[in-house]
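# coordinates for the following, if possible.
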Amino acid sequence: MSAKKTLHHFMRLRGNILPLALVMTTAILLSGVTLGVAVLDSLRRSVETDNSIISYYAADAGIERQLYEVRKNNATITSLGSMAGTFSNASSWTSADSSRFLTTMVKTFPTMNSGDFQFVDLYDPDQLSAAAGVGKVTWTWSGSCQVEMGYAEWDTGSGSVIPNAFTIALGTGGSATQNLNTARAYRLRFRAKGCTVTNLQVRAYATSGSGTPIAFPGDITIASEGAYARTKQAIAVTMPRLDVLSGVFSYVIFSECTLFKNPDGSAPVCP
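Here you go, the predicted structure:
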């Protein structure tokens, strides 16, 4: 082979290797850039996840503070709207607009042992003179025994919030319905008779002929929005405005002797 042909063949080989090298270099660069973007995105998401956890704890602290004000200091729901707080780690919380959160349309008690009580309030603790606006209550359960609903009621137009009547309605067959007066306020007490029932569900309706449940007037919804860096978390809690302190208040103590509330004194002798 002549020198001219050899040089021409070598130039052809160089011309094929150069595009291949460019393609390989471009592929390596693209792979590196893609990997770098993925790593940076993962780091960014990790930081945002950590920040969102901090903002969640801030929102949770706001809920606890509002619960304290409601249950301990008897604060009204409207007064919670201006509450806020900040922490040393630069996180903060504010009371959120709870009207945009779902409210409870059904009360569910997973398990109720024989003789136990569960309570449902049908009145507004912040406005005891306001009517409950409930015309019907239904309750369903799983179990072969009966579920009794006792309810205390009072006339909201009389100016007195002392119950003036107590009625007992007995439910059988796994479901029951009781019509109520929309102009009165109520506290309901449910009791399983003879066995343990499960999945007890209580619903309230505006009228006796209505088929759409309404929110329980004795429940409140409070909400808190926590913020940290660029993340925000919101928590909403629906709960009874007031609650029975202990199950012992569901029972009546009968005694032939006078009862003394004095733990330091000696017990009287019962004749």
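
# I'd like to know which elements the one helix or strand residue 28 maps to is packed against.
Element membership of residue 28, judged by DSSP states H and E, is helix 3-71. Under the contact criterion of 3 or more C-beta pairs under 8 Å, 6 or more residues apart in numbering; DSSP states H and E, helix 3-71 touches strand 84-86, strand 92-95, strand 219-228, strand 231-240. All C-beta spots, glycine's among them, are computed from the backbone N, C-alpha and C.

# and residue 203, which of the ones you listed is closest to it?
strand 219-228 (12.9 Å; C-beta to C-beta).

# any idea how far that closest one is from the chain center?
Centroid separation for strand 219-228 versus its chain: 10 Å, with C-alpha atoms, centre = their mean, to the nearest Å.

# that one to helix 3-71, inter-axis angle?
140 degrees (axes from the mean of the first three to the mean of the last three C-alpha atoms, to 10 degrees).

# angle of strand 219-228 against strand 231-240?
Using the same axes, to 10 degrees: strand 219-228 against strand 231-240 is 160 degrees.

# so who does the most centrally placed residue in the chain touch?
Centrality entry for the chain: nearest residue to the mean C-alpha point is residue 237, 3.7 Å, by C-alpha atoms, centre = their mean. Residue 237 makes contacts with 63, 67, 221, 222, 223, as judged by C-beta atoms under 8 Å, 6 or more residues apart in numbering.

# which among these count as buried?
63, 221, 222, 223 (16 or more other C-beta atoms under 10 Å).

# of those residues, closest to residue 112?
Of the buried ones among the contacts of residue 237, the one sitting nearest to residue 112 (C-beta to C-beta) turns out to be residue 221, at 24.7 Å.

# then stretch 230-242 to PDB, C-alphas only?
Output in PDB follows, covering the C-alpha atoms of stretch 230-242 (Å, rounded to 0.1, in the frame of the first residue of the first chain):
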ATOM      1  CA  ARG A 230     -41.500  27.400  53.500                       C
ATOM      2  CA  THR A 231     -43.700  24.500  54.800                       C
ATOM      3  CA  LYS A 232     -47.200  24.600  56.400                       C
ATOM      4  CA  GLN A 233     -49.300  22.000  58.100                       C
ATOM      5  CA  ALA A 234     -52.900  22.300  59.200                       C
ATOM      6  CA  ILE A 235     -54.700  20.100  61.800                       C
ATOM      7  CA  ALA A 236     -58.400  20.100  62.700                       C
ATOM      8  CA  VAL A 237     -60.000  18.500  65.700                       C
ATOM      9  CA  THR A 238     -63.700  17.900  66.300                       C
ATOM     10  CA  MET A 239     -64.700  17.100  69.900                       C
ATOM     11  CA  PRO A 240     -67.400  17.600  72.400                       C
ATOM     12  CA  ARG A 241     -67.300  21.100  73.900                       C
ATOM     13  CA  LEU A 242     -67.800  19.600  77.400                       C
END
